[in-house]
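# starting from these lines, generate the structure:
(one chain, ligands or ions: 1)
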Amino acid sequence: MIDTTRFIPTHRPFFEIHRRYWEKTLAHRRFKHRHLVPLIEKLRGNARFEVSKLGLSTQKRTIYLVKLGTGKTKVMLWSQMHGDEPTATMAMMDMFNFFGGHDELDALRQEILDNLTLYFVPMLNPDGAEAYTRRTALGVDLNREALSLQAPEARLLKELRDQLNPDFGFNLHDQSTHYSAGRSANPATISFLAPAYNHAKEVNEVRGNAMKLIVTLNRVLQTYIPGQVAKYSDSHEPRGFGDNIQKAGTSVVLVESGGYPDDPEKQYIRQLNFTLLLSALQTIVRKTYSEENIDAYYQIPENDRSLFDLIIRQVQVPLGGEVRTMDIGFNHNEVNFRQADGFYYRSAIEDLGDLSVYFAYHELDASGMQLVPGKTYPSVIANVQELRKLDFNRLFRQGYTAVRMARYAPKERVTYLPIRILTGQKSRDNEVALSANPDFLLQINRQTRYAIINGFVYDVVNNKNGVKNGLVE
Ligand SMILES: [Zn+2]
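A predicted model of the protein is given here:
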């Protein structure tokens, strides 16, 4: 009988000390390369770090290599090969602060630095980060470039791996917040994968060690996010980096940061990244992963796309001349704005019909309620001052969900008032349909109970505004 408690690294101190080392200049996901440069350059002043320039991105931004530690075992960590997947980059900066410091965890820190040599490549795709898009400035997906190597960023990663031949590799990504851990209401807050090196998904020692390490890390994370850890699809992608690096002899762990309720900027998930990566390093130092059972890897639930942002349950919808009872699932999709320094939400009906097998971050039971398409307020609003004076709750009670502002032309098509603004001669039919974004009222006996504006819920009876933003059209 194996005592499983011995495999658990000392994760709690890492989790708790994170607050002290949280890099406060990075407080949201759309930070840029220019925000990272000073954080990395300043590491040159600390003898523990060796900072070098790995090379240049397509648009000539410097991609850095940060080396730490003097140990025999080599670990390589790279983040943000997809420009809009920055959570682990934030955690890396926090780790640099941690490794550069002195505190009550000196012994744990020193144990890692004496036994491992760490190679960090933060933000492998800085051009994608600039525009907050997945792809590189060439328009290619870097994680499909491991064979063709046409993107300069891909060549840098491949050459570094081949030169170092590290024992372990961490391929750090973000995934959709709509993934759940198995078919459940639990978001897949963190998903892991030990990528397959062939289509048969065979397991050799290299991949087996990655699987065993994941078993330990899953156990750590269950303390913080019980039931919210999943496994990414393990089908072999011949063009993927994880797959090829595993094949080349480095045990690769893919980490995908997903969703967590009320954490749109993923700051809690960042703390989990910090905790799990330090725990992983300690586990590698102590080699305790080797005693784990691979069966436990297969028992981690798979990612399932069964989460919506909002499901309105059992609402009566007038469709095709009849009233039909159905569920409506909305997702709140992010739209970059202000040179991708920020975003607003543009929601869309992701599915409608019988959604009883799906789940949502927010569910609204609308049984007994009628869906009534929103109307446009009859008088034209002259300016923003007049707009601000409107009593939106009263408008919703009267059946209005949009106002017309004939001469309003803001640069960004967004309002933080709970209303839709129609400019010029634009009109809306608010049709309930797949991919559409209708505004409507939910009524009981012709009394408005809720208004749905841009896929968000305004509770009219309790006057609670849950609308993150409205849209200008
Ligand atoms: Zn990715």
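# so F170 sits against L278, correct?
No: look at F170 against L278 with C-beta atoms under 8 Å: they stay out of range, at 11.6 Å. Quick note: C-beta positions are derived from backbone N, CA and C, even for glycine.
# get me the contact residues on the chain for the ion.
Counting by C-beta under 5 Å from the ion, the residues of the chain close to the ion are H82, E85, H173.
# doesn't the last one fall inside a strand?
If I follow you right, that is H173. Yes: the assignment for H173 is a strand, going by DSSP: H, G, I helix; E, B strand; the rest coil.
# got the contact list for it?
With contact set as C-beta atoms under 8 Å, 6 or more residues apart in numbering, H173 has these partners: M81, H82, E85, A88, L254, V255, E256, S257.
# again, but for the second one
With contacts taken as C-beta under 8 Å, 6+ apart, E85 has the following neighbours: S79, R134, L172, H173, D174, S257.
# does the first one touch L172 like I think?
Yes: S79 lies in contact with L172 (C-beta under 8 Å); the separation is 4.1 Å.
# any shared contact partners between the two?
In contact with both S79 and L172: E85, A88, T89, M92, using C-beta under 8 Å, 6+ apart.
# include secondary structure when you put the residues you listed into JSON lines, please.
Shown next, in JSON lines, are the shared contacts of S79 and L172 (three-state DSSP):
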{"residue": "E85", "secondary structure": "coil"}
{"residue": "A88", "secondary structure": "helix"}
{"residue": "T89", "secondary structure": "helix"}
{"residue": "M92", "secondary structure": "helix"}
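# okay, now the residue lying closest to I444 once chain neighbours are set aside: neighbour count?
Leaving aside its chain neighbours, I444 sits nearest to M369 (5.6 Å; criterion: C-beta to C-beta, 6 or more residues apart in numbering). If you count neighbours by other C-beta atoms under 10 Å, M369 ends up with 21.
# M369 and Q447 touch, don't they?
No: here M369 lies out of contact with Q447, judged by C-beta under 8 Å, at a distance of 10.0 Å.
# just to revisit the earlier point, ok, the contacts of H173 vs the ion, which is closest?
H82 (3.7 Å; C-beta to the ion).
# quick check, the closest one in a helix?
No: under three-state DSSP, H82 falls outside any helix and is assigned coil.
# buried stuff in the strand or helix carrying L395?
Secondary structure assigned from DSSP states H and E places L395 in helix 392-397. Using 16 or more other C-beta atoms under 10 Å as the burial criterion, the residues of helix 392-397 that qualify are F392, N393, L395, F396, R397.
# can you give me the helices in this structure?
11-21, 33-41, 87-99, 106-115, 126-131, 152-164, 205-222, 241-248, 267-286, 294-298, 384-388, 392-397 (DSSP state H).
# pick the most buried one from those.
helix 87-99 (a mean of 25; mean count of other C-beta atoms under 10 Å).
# and the contacts of stretch 265-279?
9-11, 14-15, 18, 21-22, 27-29, 77, 87-88, 90-91, 94-95, 98, 112, 170, 172, 174, 189-190, 216-217, 220-221, 224-225, 255, 257-258, 260, 263.
# sorry, back to before: want to throw the helices of the chain into a markdown table with mean pLDDT?
Formatted as a markdown table, the helices of the chain follow (pLDDT from 0 to 100):
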| stretch | mean pLDDT |
| --- | --- |
| helix 11-21 | 96 |
| helix 33-41 | 98 |
| helix 87-99 | 98 |
| helix 106-115 | 96 |
| helix 126-131 | 98 |
| helix 152-164 | 97 |
| helix 205-222 | 97 |
| helix 241-248 | 95 |
| helix 267-286 | 98 |
| helix 294-298 | 96 |
| helix 384-388 | 93 |
| helix 392-397 | 98 |
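# how about the stretch 351-473 of the chain: which residue is closest to the ion?
Y361 (21.4 Å).
# report the contact partners of that residue.
Neighbours of Y361 in contact, by C-beta under 8 Å, 6+ apart: P187, G259, P261, L307, F308, D309, L310.
# cutoff 6 Å now
P261, D309 (C-beta atoms under 6 Å, 6 or more residues apart in numbering).
# state the distance from it to V460.
21 Å (C-beta to C-beta, to the nearest Å).
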